[in-house]
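K.L.:
I'd like to go over a predicted model; first the sequence, then the structure.
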Amino acid sequence: MDPTSRAFLDNARAGLADPVLRRALGIAGVGFPARRAEAMARLPEFEALREQGKAIKDHTIAHLDFYLERYEANVIAAGGMVHWARDAGEARAAVLDICRSVGAKIVTKGKSMVAEEIALNDHLAANGITPVETDLGEYIIQLRHEPPSHIIAPAIHLMKEQVTETFRAAHTALDPARAIAEAPQLCAEARAVLRPQFLAADVGITGANFLIAETGSSIIVTNEGNGDLTQTLPKIHIVLASIEKIVPTLEDAATLLRLLARSATGQEFSSYTTMSTGPRRPGDLDGPEQYHVVLVDNGRSAMVGSEFREMLRCLRCAACLNHCPVYTAIGGHAYGWVYPGPMGAVLTPALIGVAEAGDLPNASSFCGRCESVCPVKIPLPKLMRNWRERQFAQRLVAPRYRDALRLWAWVAQRPELYHRMVEVKARLLGWLGKRRGRFRALPLAGGWTGLRDMPAPEGRSFHALWADRQRAAQRRQLR
Amino acid sequence: MTARDDILGGIRRGLGRGRLADGAAGAVEARLAEHKRNLIPARAAALDPPARVELFVAMAEAVQASVARVASERDVPAEVARFLAAENLPAELTVAPDSALDALPWAERPLLQIRRGKAEPGDAVSLTPCLAGIAETGTLMLVSGEGTPTTLNFLPDTHIVMLRAGEVVATYEDGWDLLRGRPGERPAELPRTVNFITGPSRTGDIEQKIELGAHGPRRLHVILVGDARQA
């Protein structure tokens, strides 16, 4: 999809004004954090596992070239094929070539954020192949021609009324008088409609949560079982995965799996964790005849040597979205591309450029909740700050902000001057606001006072009060 | 330059080195070969076999799997018949073409209609064996093979799994060891598919409410055979 991240501020305003979105995010912003907290409380080792998860990913990235080569060798040894793709275009072409090799007409898909990233569906459709999303949330938004608004719950911005409308509009062959107002009916209808598609598909495409270097296996984690039907029934299974999904061993995968579901949905383990190695074996009664892996770089290798390397640890659990006061207020579509929330605010500028997505790392109060819940301890606020610095250095910030920031930096680097200015300002504001005790509006701070009053300072700055206190303490000690 | 060379070259530039030198590669090789376990939660690892089985049952039931305990494998057909009747399901099932399941006394239940093979689109009920039960999360571990087609685990509405109490292990890592330890298996000969199954299929994609039976089975029934002391 074409990014609309440049329009972030307008997108965010639209999100804030959407009553359906407010209700939907209200459910998500409470449910996900509560379930994660319960899961953590049940596993005393959770904190120690986070530390190990971080170490495993750091070790892997530091030897990523080695592990990718080993992984490739093992995929081939198990009878599979590996296709390397530098960018989205190469990845789309690789998938299309494989689909064409069997004259595919219908392609089923498990949920894959990389497929969203490379805009695979549009490309397949433009070439006469029908892509069918099979994850319920992805299916709903595919019918609505919308991008996902969350990396694990793509239709989280919708309430069931919208899903009912969508199904009525799309499933025209079904009885118009049928009852589909409630979630169980909607799920049953999606199951019934999608089952023939699973059976008819020529190719099944899944993502991967992990690629195992030791065995050449891919692992997917789902709750619905859609990924398993997708990859078991068609002649060909294509795994679409970015290069940082590698982990060395099955033991390393086990540790990360213990973190993933708990961080994502608060489950002890997702319903289905499935490991695939190569195509069906001689004697097997089912399973795909061909197993292909499309390994996508699309900007990751350039992150290895940058100050954003730590972002490559990301497991895509979405805990940072679920705990973000900005994401849960404006929703995922405001971010304008594939990856929203704090992880998106760091990753999106790396993949599509800070000129395009510079507003994203600015949409944070740096409250730090994202970092505190990240299962692999990615310092998301620090990485967002890095983007802000780059944005400033590349003169991508509006001249007004740039000048103001420069002025502030100049003053802040001169403590004497800074303290004196603050002292004067505090006294002046204190005197001006003495009568009412607060300000309804202040020059240059309309954005702040537009939503709340500014309390009038009570005369002196914090630094001055602190200095007084220190002096008083010193006098007491001398006595 | 091929895409592969470009990508690997880009990574090496980012890491500030060329290909791993022999010494460094040796250390990474050693790490790969060692299969060293990371931190293992005490929850299941600290338990004796009978307690491990109890934990498996509790965890599986907590995610809406049902568990029935029978004394011996000979009792499995009777439990299958009882379960199907109790759930108001027709007495028809597709059974994995596996020697252990073939050996069960099906003749004692002539009313059960049985087909051996992979799953077909209309199948309502399947019965499969498994490689292990994993106590820490109530998870079943199933592997594909000539006698265990993967479609049986996903196409039918109801999936019944026979699990011997002695097959219940503590952790995923114990499951990996079983996988690696299978006779004649090298890593390159791993089964095509390993399924870790924890409860029936579910989705929370509509307003975050959990609905069972999204695309895979609505019901997951475990027939737990024997007790851990016999193992």
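P.N.:
Perfect, thanks for sending it.

K.L.:
give me the domain ranges for chain B.
P.N.:
If you go by automatic domain parsing, the domain ranges for chain B are B:1-34, B:42-230.

K.L.:
ranking these by burial, who's on top?
P.N.:
domain B:42-230 (a mean of 20; mean count of other CB atoms under 10 Å in any protein chain shown). (Each C-beta comes from the backbone N, C-alpha and C, glycine too.)

K.L.:
where in chain B is pLDDT low?
P.N.:
B:183-188, B:229-231 (pLDDT under 70).

K.L.:
which residues of it fall in helices?
P.N.:
Taking DSSP state H, the helices of chain B run over residues B:3-15, B:22-34, B:42-45, B:49-62, B:76-86, B:99-102, B:172-181.

K.L.:
from the contact counts, what lies against the second one?
P.N.:
Same thing as helix B:22-34. Applying 3 or more CB pairs under 8 Å, 6 or more residues apart in numbering or on different chains; DSSP states H and E, one finds that helix B:22-34 contacts helix A:64-77.

K.L.:
ditto for the fifth one
P.N.:
The elements that helix B:76-86 packs onto, with contact taken as 3+ CB pairs under 8 Å, 6+ apart, are strand B:66-70, strand B:158-164, strand B:219-225.

K.L.:
likewise the first one?
P.N.:
Helix B:3-15 makes packing contacts with helix A:64-77, strand A:81-85, helix A:300-304 when contacts are defined by 3+ CB pairs under 8 Å, 6+ apart.

K.L.:
same question for the longest one.
P.N.:
If you count contacts as 3+ CB pairs under 8 Å, 6+ apart, helix B:49-62 packs onto helix B:42-45, strand B:66-70, strand B:132-134, strand B:139-143, strand B:168-169, strand B:219-225.

K.L.:
what lines up beside the fifth one in the sheet?
P.N.:
By that I understand strand B:168-169. strand B:132-134 (parallel) (DSSP bridges).

K.L.:
show residues contacting the strand it pairs with.
P.N.:
B:44, B:56, B:60, B:139-141, B:163, B:167-172, B:174-175, B:178, B:196, B:222, B:224 (CB atoms under 8 Å, 6 or more residues apart in numbering or on different chains).

K.L.:
OK, contacts around the residue of the stretch 351-479 of chain A found nearest chain B?
P.N.:
When scored by CB to the nearest CB, the stretch 351-479 of chain A has residue A:376 as its residue closest to chain B, at 13.2 Å. Residues counted as contacts of residue A:376 (CB under 8 Å, 6+ apart) are A:50, A:53-54, A:57, A:259, A:313-315.

K.L.:
can you tell if stretch B:100-113 touches chain A?
P.N.:
No - shown here: stretch B:100-113 not in contact with chain A (CB under 8 Å from any CB of the partner chain), separated by at least 14.3 Å.

K.L.:
end to end, how far does that stretch reach?
P.N.:
Taking CA to CA, to the nearest Å, the first and last residues of stretch B:100-113 lie 18 Å apart.

K.L.:
for chain B, what's its nearest residue on chain A.
P.N.:
Closest point on chain A to chain B, by CB to the nearest CB, is residue A:225, at 2.5 Å.

K.L.:
any idea how far residue A:458 is from the closest residue to that residue other than its chain neighbours?
P.N.:
Counting by CB to CB, 6 or more residues apart in numbering or on different chains, residue B:216 is the residue found nearest to residue A:225 once chain neighbours are left out, at 2.5 Å. In this view, residue B:216 and residue A:458 are 64 Å apart by CB to CB, to the nearest Å.

K.L.:
next: residue B:62.
P.N.:
56 Å.

K.L.:
and chain A, what are its domains?
P.N.:
Taken from automatic domain parsing, chain A resolves into A:43-302, A:404-478.

K.L.:
out of these, deepest packed?
P.N.:
domain A:43-302 (a mean of 21).

K.L.:
what about the strands in the stretch 201-350 of chain A?
P.N.:
Counting by DSSP state E, counting those that start in this stretch, the stretch 201-350 of chain A has strands at residues A:203-206, A:210-212, A:217-222, A:236-242, A:246-247, A:272-276, A:290-296.

K.L.:
looking at the ones you listed, which is nearest to residue A:116?
P.N.:
Judged by CB to CB, the one of those that comes nearest to residue A:116 is strand A:236-242, at 10.3 Å.

K.L.:
okay, the angle between the closest one and strand A:290-296?
P.N.:
Angle of strand A:236-242 versus strand A:290-296, following axes from the mean of the first three to the mean of the last three CA atoms, to 10 degrees, is 20 degrees.

K.L.:
remind me what strand A:236-242 packs against, helices and strands.
P.N.:
helix A:88-101, helix A:113-117, strand A:203-206, strand A:290-296.

K.L.:
can you list contacts of that strand?
P.N.:
A:91, A:95, A:98-99, A:102, A:104, A:112, A:114-115, A:118, A:120, A:202-208, A:211, A:218, A:231, A:276, A:279, A:288-298, A:300.

K.L.:
each with direction, which strands does it pair with?
P.N.:
By DSSP bridges, strand A:236-242 pairs with strand A:203-206 (parallel), strand A:290-296 (parallel).

K.L.:
element containing residue A:390?
P.N.:
helix A:380-393 (DSSP states H and E).

K.L.:
angle of the helix or strand following that helix against helix A:380-393?
P.N.:
Using DSSP H and E, the helix or strand that directly follows helix A:380-393 along the chain is helix A:399-412. Orientation of helix A:399-412 against helix A:380-393 (the same axes, to 10 degrees) gives an angle of 110 degrees.

K.L.:
may I have helix A:399-412 as CSV, with CA atoms only?
P.N.:
What follows is helix A:399-412, C-alpha atoms only, in CSV (Å, rounded to 0.1, in the frame of the first residue of the first chain):
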residue,chain,number,x,y,z
PRO,A,399,11.6,25.9,10.2
ARG,A,400,9.5,27.3,13.1
TYR,A,401,10.2,24.2,15.3
ARG,A,402,13.7,24.0,14.1
ASP,A,403,14.5,27.6,15.2
ALA,A,404,12.7,27.1,18.4
LEU,A,405,14.6,23.9,19.2
ARG,A,406,17.9,25.6,18.3
LEU,A,407,17.1,28.5,20.5
TRP,A,408,16.2,26.2,23.3
ALA,A,409,19.4,24.1,22.9
TRP,A,410,21.5,27.3,22.9
VAL,A,411,19.9,28.4,26.2
ALA,A,412,19.9,24.9,27.8
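
K.L.:
my guess is residue A:249 contacts residue A:217. True?
P.N.:
No - Residue A:249 lies out of contact with residue A:217 (CB atoms under 8 Å); the separation is 10.7 Å.

K.L.:
burial of residue 38, as a residue count?
P.N.:
In the absence of a named chain, chain A is used. Around residue A:38 there are 11 other residues, counting by other CB atoms under 10 Å in any protein chain shown.

K.L.:
switch to chain B, that's the one I care about
P.N.:
18.

K.L.:
OK, contacts around the closest residue to it other than its chain neighbours?
P.N.:
Of all residues not flanking residue B:38 in the chain, residue A:255 sits nearest, at 4.2 Å (CB to CB, 6+ apart). Applying CB under 8 Å, 6+ apart, we find residue A:255 in contact with A:49, A:52-53, A:56, B:38-39.

K.L.:
before we move on, the earlier item: what would the strands of the stretch 201-350 of chain A look like in CSV with mean pLDDT?
P.N.:
As requested, the strands of the stretch 201-350 of chain A are exported to CSV (pLDDT from 0 to 100):
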stretch, mean pLDDT
strand A:203-206, 98
strand A:210-212, 98
strand A:217-222, 98
strand A:236-242, 98
strand A:246-247, 98
strand A:272-276, 98
strand A:290-296, 98
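
K.L.:
make a markdown table out of these and add distance to residue B:84.
P.N.:
As requested, those are exported to a markdown table (distance: least, CB to CB, whole Å):
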| stretch | distance to residue B:84 |
| --- | --- |
| strand A:203-206 | 31 |
| strand A:210-212 | 37 |
| strand A:217-222 | 27 |
| strand A:236-242 | 33 |
| strand A:246-247 | 41 |
| strand A:272-276 | 24 |
| strand A:290-296 | 36 |
